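Student: the sequence and its predicted three-dimensional model are supplied below.
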Protein chains: 6
Amino acid sequence: MPLIHVQQTPGKTAEQKSELVRALTDAYVNATGSKPESVWVTVQEIATDSWSIGGDTLAARAARS
Amino acid sequence: MPLIHVQQTPGKTAEQKSELVRALTDAYVNATGSKPESVWVTVQEIATDSWSIGGDTLAARAARS
Amino acid sequence: MPLIHVQQTPGKTAEQKSELVRALTDAYVNATGSKPESVWVTVQEIATDSWSIGGDTLAARAARS
Amino acid sequence: MPLIHVQQTPGKTAEQKSELVRALTDAYVNATGSKPESVWVTVQEIATDSWSIGGDTLAARAARS
Amino acid sequence: MPLIHVQQTPGKTAEQKSELVRALTDAYVNATGSKPESVWVTVQEIATDSWSIGGDTLAARAARS
Amino acid sequence: MPLIHVQQTPGKTAEQKSELVRALTDAYVNATGSKPESVWVTVQEIATDSWSIGGDTLAARAARS
């Protein structure tokens, strides 16, 4: 009966998201024996100017590299 | 002093959201005796291509039905 | 297909939690017309020393009053 | 650079959790091409009296069946 | 190894967000002695019609004042 | 009107948590000009066997080092 909530940066196509939620669900089911229908996945996009590591936004890191 | 965080699919009007947060707040207050001002509700929309059940996105389920 | 996630301070009995999740579910269903089975609620307790308002923990506020 | 946050019911061993986070990470990496080190997974347990579907806690559902 | 997740209302510039995530990271590092690189911050915006206090949305409160 | 939600590993004393929530609140207020009373912080502990980076739990990493 798990909820899997993903936060990731934008840029995935609908098809990639579709594959991703399938892959995470399969991984959960295989690791735990849960029924697939009991697995919910939600995906939230966080813009690169709204995500930081060590105080630097991902946008700032990308601009420097 | 609760936080109530709702994830739902898009398509609600501002008026429906307004009714929803009121209804959830009233329900919380009635069930617990908390003061209304102590109840915060935030609502986040998750697109149907970003929400899956059993590995199928809601968008894919809707397209099949 | 909503997820309702509640953060609240400890001290509720199992019966109170049971009433609470029912009340929130009913409120959601009444406000949106969703099917009850589509509504998931999870409740997480946050200790009063781990919750702050204006920088003061709820534990500190309670100790002063 | 994803965060994967899992909410599940208790009862998994440390070994099962270990396999689960590995499996979710591998699934994410395979589906997106991200570097493994960029994938964080956190797992939170929600007791069966604190999780409801359709207004019934999982504890109540288990007690009836 | 903390994750700091912020929910706030819209209206901040990219520069303000950049300062905010830096300030939160520094505060965490100073208070705990953690390494800066271990601190991740994500910022999510919640519209004022999707955030309520005491059952009133922030949008409704702003319209009245 | 922000919510700041922290996930961190256990081992902080109540005093350290108290300093942390104060420091995060001050940082938010200084960076944004918000009123201190509008800033809520909640802190959640995630055990080291329930947090992974690159598929390895923090517990496993600590055991190896």
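Tutor: Okay, I see it. Numbering: from 1, shown residues only, chains lettered A, B, ... in the order given.
Student: is stretch A:7-25 anywhere near chain F?
Tutor: No - taking C-beta under 8 Å from any C-beta of the partner chain as the criterion, stretch A:7-25 and chain F are apart, separated by no less than 11.7 Å. C-betas here are computed from N, CA, C, even on glycine.
Student: alpha carbons of that stretch, as PDB, please.
Tutor: Extracted C-alpha coordinates of stretch A:7-25, given in PDB (Å, rounded to 0.1, in the frame of the first residue of the first chain):
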ATOM      1  CA  GLN A   7      10.700  15.000  -7.000                       C
ATOM      2  CA  GLN A   8      12.800  15.600 -10.100                       C
ATOM      3  CA  THR A   9      13.900  18.300 -12.500                       C
ATOM      4  CA  PRO A  10      11.800  19.100 -15.600                       C
ATOM      5  CA  GLY A  11      12.600  17.900 -19.100                       C
ATOM      6  CA  LYS A  12      11.100  14.400 -19.200                       C
ATOM      7  CA  THR A  13       8.700  13.500 -21.900                       C
ATOM      8  CA  ALA A  14       5.300  12.000 -21.100                       C
ATOM      9  CA  GLU A  15       6.700   8.700 -22.500                       C
ATOM     10  CA  GLN A  16       9.700   8.900 -20.200                       C
ATOM     11  CA  LYS A  17       7.400   9.600 -17.200                       C
ATOM     12  CA  SER A  18       5.300   6.700 -18.200                       C
ATOM     13  CA  GLU A  19       8.300   4.300 -18.300                       C
ATOM     14  CA  LEU A  20       9.500   5.700 -15.000                       C
ATOM     15  CA  VAL A  21       6.400   5.100 -13.000                       C
ATOM     16  CA  ARG A  22       6.100   1.600 -14.500                       C
ATOM     17  CA  ALA A  23       9.700   0.900 -13.600                       C
ATOM     18  CA  LEU A  24       9.400   2.200 -10.000                       C
ATOM     19  CA  THR A  25       6.200   0.200  -9.600                       C
END
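Student: in chain A, which spans are helices?
Tutor: For chain A, applying DSSP state H gives helices covering A:14-32, A:58-64.
Student: could you dump those helices into TSV and include mean pLDDT?
Tutor: Putting the helices of chain A into TSV (pLDDT from 0 to 100) gives the following:
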stretch	mean pLDDT
helix A:14-32	96
helix A:58-64	95
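Student: out of the ones you listed, deepest packed?
Tutor: helix A:14-32 (a mean of 20; mean count of other C-beta atoms under 10 Å in any protein chain shown).
Student: does it reach chain C?
Tutor: No - between helix A:14-32 and chain C, judged by C-beta under 8 Å from any C-beta, nothing touches; the nearest distance is 13.5 Å.
Student: and that helix with chain B, contact?
Tutor: Yes - Helix A:14-32 lies within reach of chain B by C-beta under 8 Å from any C-beta, at A:A14, A:K17, A:S18, A:V21, A:R22, A:T25, A:D26.
Student: contacting residues for the residue nearest to the fourth one when sequence neighbours are not counted?
Tutor: Ranked by C-beta to C-beta, 6 or more residues apart in numbering or on different chains and with sequence neighbours excluded, the top spatial neighbour of A:V21 is B:S52, at 3.7 Å. Contacts for B:S52 (C-beta atoms under 8 Å, 6 or more residues apart in numbering or on different chains) come out as A:V21, A:R22, A:T25, A:V39, A:W40, A:V41, B:L58.
Student: okay, now the closest residue to the fifth one other than its chain neighbours: neighbour count?
Tutor: Leaving aside its chain neighbours, A:W40 sits nearest to A:L3 (5.2 Å; criterion: C-beta to C-beta, 6+ apart). Using other C-beta atoms under 10 Å in any protein chain shown as the criterion, A:L3 is surrounded by 21 other residues.
Student: good, we can wrap up now.
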